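Asks: what's the 3D shape of this:
(chains A and B)
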Amino acid sequence: MDILSILAESVRSALGPIAAIYALAAIGLNLHFGYTGLLNFGQVGFMLVGAYGVGISVSVFGLPLLVGFGVGLLCALVLALLLGIPTLRLRADYLSITTIAAAEVVRLVYRAGFAEPLTGGVYGLQNLAGGFRELNPFEPGARYGIGDLTYTGTHLWTMVVTWSLVLLMVGLTWLLIHSPWGRVIKGIREDEDAVRSLGKNVFAYKMQILVLGGLIGALAGCMMAVHQASIQPDQFKPQVTFFLWAILLLGGAGRVFGPVIGAMAFWFLMSFTDGLLKYLGSDLGLMPFLDGPDYGALQLAFAGLMLVLLIVFRPQGLIGDRKEMLINVK
Amino acid sequence: MRTRLVTVLLALITAILVIPGPAATADEQGGEALQGQIRNPDDRDQGVEGIMIQVFDGADEIGAAETDSDGNWAVELPGPGTYRVVVDQESVPAEFSVRETAILVDGETEVEVEANDQRPLIIALESAGGGDEPSGAQSPSDTDSEGPGDDAAAEEGDVAPATGGSFGNRVIQLTAAGLLFGLVIAISAIGLSLIFGSTKMINFAHGDMVTFGAMVALVFSSGAAGLGNSLLAIFAGLGGAVLIGAFLETRLTRTVLIVAQWSSIFAGIVLATVLGVLGDSVGWEVPLWIAAGIAVVMGAVLGASMERYIWRPLRRRHVALIQMFIVSIGLALILRHVILVLFGADRSRYAGFQIQEVVRLGPISMPPRDLVIMGVSVVVLVLVACLLQFTRIGKAMRAVSDNRDLAESSGIDVDRVTLYVWGLGGGLAALGGVLYGLNQVVQYEMGFRLLLLMFAAVILGGLGTAYGAMVGGIAVGLVAMLSTLWFPSQLMQAWALALMILMLLVRPQGLLGRAERVG
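Replies: This next block holds a predicted model:
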């Protein structure tokens, strides 16, 4: 390991399938928070129901993959409605607590013993990607790329599909936000009461955006199931949501390309710090007090530090507009 | 202000770096491998030794491995491809058998390994003859590709509800257990509610302050060496700085004040380094109740210094509340994982309180430690209620919590009261952590799990009211425990959170909250 290979590895993960999946989920969160000001701390719940929609359909019932995607999106729709009805009329801080709690409840239910025939309990589901990999036009074992920057055919195929979805959703966001509907949405973020006094049904608009962002999150979950070919409930802990927030704030909330730039920058930084720590620790022996698993923990602590520093020093993120981030809880 | 924040963060990082930790082990990277950990189904902290695992490519055996004393095994593979893994049923101890799953049939499975993939493989055991799973949580490994691989051991619902006996008897037992659990939640949640009341901020780091208390008490009660001494020194430095800031603010000029605070923190860090270098030669050990006292003081210092050096500067800069939530989430991540690095991911218990003769009180039987927990909780709750009801500072806290602007205009030093609220909240959270850890296990994620129940408690009782947090905490504890009468115990958290969502639907201001227009 030298600095160059650490850099190559970081670029690899910045463009890789995981970054694409997180970018997709962050686009949903951007619709919630960046444009509407909804404090959704449970985006991972949408990813979970999406992933399990694919998982249960494909692995348990043997249905085709596309049906699985449909089931996942349908589950996300139901979850968004269930979440939205009690909380969207309340203040933003209630929504934040309820969403984080609901995402945990969903995870607990999916991993509980009685759900095991369907969800596989704590063991999760496996062998989910068959249908997806059959469509792969690339050679699965071969490596594609230049120099140190290579991907296997399987990963390249996932990347092509997921990044295309990301671009599609970016386009959709742009179109929506520049429509009359999008102006109402941004109006809700700036001043809900003003929008209400213009005769708009704020609750309905909020519900629509919650469903839409949730569906995009579920799509990211579906791609996650397909990418890993296996899912466990414990992959969907609340820290995934916190990563998504870091991505959104790093890129710039309320910007169409914010989540995409953010996801790339975030995974570059995560991979880079991880590689650097391991290089300094294991190869050079400079950090004798760190144990193997500690590197992962330090990486997560670093994500937390990044959130704090970003909010304090650059709340608008890399490409954001400072005015867009002056959202306040009333 | 900006530079001060940066320096505080930098100082904290240096402090973390100078604290000694366990010695490093080299971790190999690169190449393909299959690995996993086989755990004892009866005691998930224990691995099972001596199980043979063979890996085949077609008919050729590629490698074999035997689990070590912790149940770990790993087989290096020549390259990516599909392999057949066979668990040698003969080598599995007679009291266990290999658990059948969708892909693992008869101890055999096929796995696909990609390039550079250190793929974990799940092999679980079950008690021989019994197909019924107690809690189904011996997931041996985690394929999580971005998080640390060691948080798989965390599982929910490890409270074993009382079993056996008639239905009425179980109701009484579970009510007692629920009351105990509720009291612990109430103690931890008062701070959360008061902090929300006085600053309108939801402190997502509160759960990790609970963990902090439990961990610190564990360190001091099981022998504090380098790590404990260093932590103590750093917190003494921080506490000194907070006290200097709070009490000498009016008497000293601004520059002298800042220099004094910094020298206090710096002295703490220097002392911590010295003690860290001395390491185990300055070892000492105190009984748990003294350790709990130390933990409460350190928790109070942690809360107060967070308010003094992070939240107050942020409020002065008029950072919006949503941004503050996100900062607190960031702080929670930092705190949780620093705790993980310092104290490790093991689940441990306070020594000496495990096996106790059960005391019978009428229909209720519980170990003496649970009675002590209940007694301590009730006394502390009464004391806190007296503090809030009868003392000057308590009245000021309730006033600030009720209406910050009105309190300020009637001459209350709001900043100072907020500092006290954070100190009180931090201390109570640490105490809650010790009690929770005494009742169950100490683990780095325990606080986060409790945090969701604390949210449920404060919303149920009414956000911002201290008494509401008490009532809500006990209600949440009772609901969680009594739900296990009819539903699986893994879902008890889910029921508590469902209760919270129900409350938001019918009475968003909570049980004791004043009806106001929300939203």
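
Asks: thinking A:Gly258 is in contact with A:Gly34, fair?
Replies: Yes: counting by Cβ atoms under 8 Å, A:Gly34 is a contact partner of A:Gly258 at 6.7 Å. To be clear about C-beta, it is placed using only N, CA and C from the backbone, and glycine gets the same treatment.

Asks: helix or strand: which one has the residue at minimal distance from the centre of chain B?
Replies: When Cα atoms, centre = their mean is applied to chain B, the residue found nearest the centroid is B:Gly447 (2.5 Å). In this structure, B:Gly447 is located in helix B:446-461 according to DSSP states H and E.

Asks: is any residue of the following helix or strand past that helix near chain A?
Replies: Next helix or strand after helix B:446-461 toward the C-terminus (DSSP H and E): helix B:466-482. No: contact of helix B:466-482 with chain A is not found when judged by Cβ under 8 Å from any Cβ of the partner chain; the minimum separation is 11.7 Å.

Asks: distance from the chain centre to helix B:466-482, please.
Replies: Helix B:466-482 has its C-alpha centroid displaced from the chain centroid by 19 Å (Cα atoms, centre = their mean, to the nearest Å).

Asks: same question for the helix or strand just after it, mean pLDDT?
Replies: Note on helix B:466-482: by DSSP H and E, the next helix or strand toward the C-terminus is helix B:492-506. The pLDDT scores in helix B:492-506 average 84.

Asks: mind checking how far helix B:492-506 is from the chain centre?
Replies: With Cα atoms, centre = their mean, you get 22 Å for helix B:492-506.

Asks: do I have it right that B:Val87 meets B:Gly107?
Replies: Yes: counting by Cβ under 8 Å, B:Gly107 is a contact partner of B:Val87 at 4.0 Å.

Asks: show me the common contact partners of these two, please.
Replies: Both B:Val87 and B:Gly107 are in contact with B:Val98, where contact means Cβ atoms under 8 Å, 6 or more residues apart in numbering or on different chains.

Asks: quick one, which of these two is more surrounded?
Replies: Using other Cβ atoms under 10 Å in any protein chain shown, the more surrounded residue of B:Val87 and B:Gly107 is B:Val87, with 21 against 17.

Asks: now that one, what are its backbone angles?
Replies: phi -90, psi 120 (degrees, to the nearest 10).

Asks: quick one: it from B:Tyr420, how far?
Replies: Going from B:Val87 to B:Tyr420 by Cβ to Cβ, to the nearest Å gives 59 Å.

Asks: could you do A:Tyr151 as well?
Replies: A:Tyr151 is 56 Å from B:Tyr420, by Cβ to Cβ.

Asks: if we can go back for a sec, touching both of A:Gly258 and A:Gly34, which residues are there?
Replies: Common neighbours of A:Gly258 and A:Gly34 (Cβ under 8 Å, 6+ apart) are A:Leu248.

Asks: and the residue nearest to the centre of chain B, how far from B:Gly36?
Replies: 29 Å.

Asks: also A:Gly28?
Replies: 34 Å.

Asks: neighbour-wise, which of the two wins?
Replies: Comparing A:Gly28 with B:Gly36 by neighbour count (other Cβ under 10 Å), the higher total belongs to A:Gly28, at 30 against 22.

Asks: in terms of contact, does B:Arg369 touch B:Leu438 like I think?
Replies: Yes: the criterion here is Cβ under 8 Å, and B:Arg369 meets it with B:Leu438 at 5.9 Å.

Asks: name the residues contacting each of these two.
Replies: B:Phe353.

Asks: so which bits of the stretch 101-250 of chain A are right by chain B?
Replies: So the stretch 101-250 of chain A meets chain B at A:101-102, A:104-105, A:108-109, A:111-114, A:116, A:120-123, A:125-127, A:141, A:143, A:152, A:154, A:228-230, A:232, A:234-235, A:237-239, A:242-243, A:245, A:249 (Cβ under 8 Å from any Cβ).

Asks: burial of residue 84, as a residue count?
Replies: Picked chain A for this. With other Cβ under 10 Å as criterion, A:Gly84 counts 22.

Asks: please refer instead to chain B.
Replies: 16.

Asks: can you pull the contacts of it?
Replies: Here B:Arg84 is in contact with B:55-58, B:108-110 (Cβ under 8 Å, 6+ apart).

Asks: top of those residues by neighbour count?
Replies: B:Val55 (22 neighbours).

Asks: state the mean pLDDT of whichever strand or helix holds that residue.
Replies: Assessed by DSSP H and E, B:Val55 sits inside strand B:52-57. Strand B:52-57 carries an average pLDDT of 76.

Asks: can you list the strands that that strand pairs with?
Replies: strand B:60-66 (antiparallel), strand B:81-87 (antiparallel) (DSSP bridges).

Asks: out of the residues of the stretch 101-250 of chain A next to chain B, which are inside helices?
Replies: Among these, the residues falling in helices (DSSP state H) are A:101-102, A:104-105, A:108-109, A:111, A:116, A:154, A:228, A:238-239, A:242-243, A:245, A:249.
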